[in-house]
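In: just the structure for this:
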Amino acid sequence: MLTLGLGCAAAPFTAQCGNAGAAKVLASPSSSCSSKLPTQLLINKSAFPCTSTSISTTAPSFRTAVAAVDSDQLSPDKIFSKSKLYFHIVSKCCAVIELVPSGFQQQPKKYYFVVANAKFMLDEEEHFKELLYERLRMFGERNIEQDFWLVIEPKFLEKFPNITKRLRRPAVALVSTNGPWITFMKLRLDRVLADSYEADSHEEALASNPTTLEFEKPENWVAPYPKYEFGWWETFLPSGVKESKV
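Out: The predicted structure is shown next:
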């Protein structure tokens, strides 16, 4: 038997699964709940082939709780060996029990990018820096997790021979999980190439080849403001990556 402690708990309810074994969830009532709406208990059986399911519930409302029980005692023919059953109880008058094997693998995540040679991206296209710093400032003010990075000589370019043959090296890619924003950046920067790819992990998606950047200083700087300092882009490199200055 598994007991869940809920912030806004419910009356007892039980979920049982035929001959493959039984999983019981018990919650105690709470006086803080005022809602009288009936609770719906939904069971996802795609990962737990039960022969029968019985449910009884008299719950008014729920807050979120998560628990797990070992399923070693269940039939190995019907459940992955040494898996776990994960029970998710979701708020707002709806309890959901989802049975997921521990061997379940997450789907690859999609990443979008624009890429050009490093000289253009980091030394010549100065408003590129302003766009990145402005977006980073906005993310900080709104407490949003950063979803864009600069990758110098990214390894994923090996998957795009039609792009690499058009690139001067070293190359720099702006990578993000936000597709519409990358489309916007493609229009703003113009002289860049764009595409997308999938990766199983964040580290794989942002992996790079070791490269040292070197840009020549202009002999005659005529702009009314000082040139950006070499290395300004290090703020946007993936965690743990720093480029050495020559």
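In: rest of the way, CA atoms for contacts and neighbours
Out: Will do.
In: immediately after the helix ranked longest in the chain, which helix or strand?
Out: Longest helix of the chain, by residue count under DSSP state H: helix 126-141. Scanning forward in sequence from helix 126-141 by DSSP states H and E, the next helix or strand is strand 148-152.
In: what comes up buried for the helix or strand just after that next one?
Out: Downstream of strand 148-152, the first helix or strand assigned by DSSP H and E is helix 161-164. Going by neighbour count (16 or more other CA atoms under 10 Å), the buried part of helix 161-164 is Thr164.
In: list the buried residues in the lengthiest strand in the chain.
Out: For the chain, the longest strand by residue count, based on DSSP state E, is strand 109-117. The neighbour-count check on strand 109-117 (16+ other CA under 10 Å) flags 111-117 as buried.
In: which secondary structure elements does it contact?
Out: Where contact means 3 or more CA pairs under 8 Å, 6 or more residues apart in numbering; DSSP states H and E, strand 109-117 is packed against strand 171-176, helix 179-189, strand 193-199.
In: highest mean neighbour count out of these?
Out: Comparing these by mean neighbour count (mean count of other CA atoms under 10 Å), strand 171-176 comes out on top with a mean of 23.
In: helices and strands around that one, which ones?
Out: strand 109-117, strand 148-152.
In: Serialize these to CSV and add fields for mean pLDDT and distance to Gly231.
Out: Converted to CSV, the helices and strands packed on strand 171-176 look like this (pLDDT from 0 to 100; distance: least, CA to CA, whole Å):
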stretch, mean pLDDT, distance to Gly231
strand 109-117, 96, 16
strand 148-152, 97, 12
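In: what residue spans form the domains of this structure?
Out: Here the domain parsing of the chain from automatic domain parsing is 2-98, 109-236.
In: and the gap between Tyr133 and Ala223?
Out: Look at Tyr133 and Ala223: by CA to CA, to the nearest Å, they are 20 Å apart.
In: which one's more surrounded, these two?
Out: Higher neighbour count among Tyr133 and Ala223: Tyr133, with 16 against 7, using other CA atoms under 10 Å.
In: which pLDDT value belongs to Phe139?
Out: We have a pLDDT of 96 for Phe139.
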